[in-house]
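A.B. asks: no FASTA, just this:
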């Protein structure tokens with residue numbers, strides 16, 4: 001077990017991409033809290049077509065735009 005913070009440990013082991021998955025999971029849970037089903041939330045986030053390193057706040061915003069049919 002490492003004494004490094006999780007993000008530093010991930011970077012050292014080449015698992016920095018896992019952070020993007022954490023952001024997506026956090027965004028999914030936020031959408032579920034807003035009343036979406038988990039499958040709907042996952043589809044909305046996928047449809048947002050954001051970069052892997054996109055923060056969860058931005059993923060949520062983009063997913064809600066997709067849900068509302070907004071462009072841009």
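C.D. replies: Arrived safely, thanks for sending. Nothing here was measured: the structure is a model prediction, and the numbers come from that model.

A.B. asks: Report the spatially nearest residue to the spatially most central residue of the chain, omitting neighbours in sequence.
C.D. replies: Geometric centre of the chain, nearest residue: residue 24, 1.8 Å, by CA atoms, centre = their mean. With sequence-adjacent residues excluded and distances taken as CB to CB, 6 or more residues apart in numbering, residue 24 is closest to residue 45, at 5.8 Å. For the C-beta atoms, the positions are set from N, CA and C on the backbone; glycine is no exception.

A.B. asks: So what touches the lengthiest helix in the chain?
C.D. replies: Using DSSP state H to define each element, the chain has its longest helix at helix 18-33. Here helix 18-33 makes contact (CB atoms under 8 Å, 6 or more residues apart in numbering) with 7, 10, 38, 40-42, 44-45, 52-56, 59-60, 63-64.

A.B. asks: Check those for burial and list the buried ones.
C.D. replies: The neighbour-count criterion (16 or more other CB atoms under 10 Å) marks 10, 41, 42, 44, 45, 54, 56, 59, 60, 63, 64 among the contacts of helix 18-33 as buried.

A.B. asks: Surely residue 63 and residue 44 touch.
C.D. replies: Yes: the criterion here is CB atoms under 8 Å, and residue 63 meets it with residue 44 at 3.9 Å.

A.B. asks: re earlier: got the buried ones among the contacts of helix 18-33 as TSV, with pLDDT, secondary structure and distance to residue 28 columns?
C.D. replies: Output for these, formatted as TSV (pLDDT from 0 to 100; DSSP: H, G, I helix; E, B strand; the rest coil; distance: CB to CB, whole Å):
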residue	pLDDT	secondary structure	distance to residue 28
10	44	helix	20
41	97	helix	4
42	96	helix	6
44	97	helix	9
45	96	helix	6
54	95	coil	13
56	96	helix	9
59	97	helix	9
60	98	helix	9
63	97	helix	9
64	97	helix	13
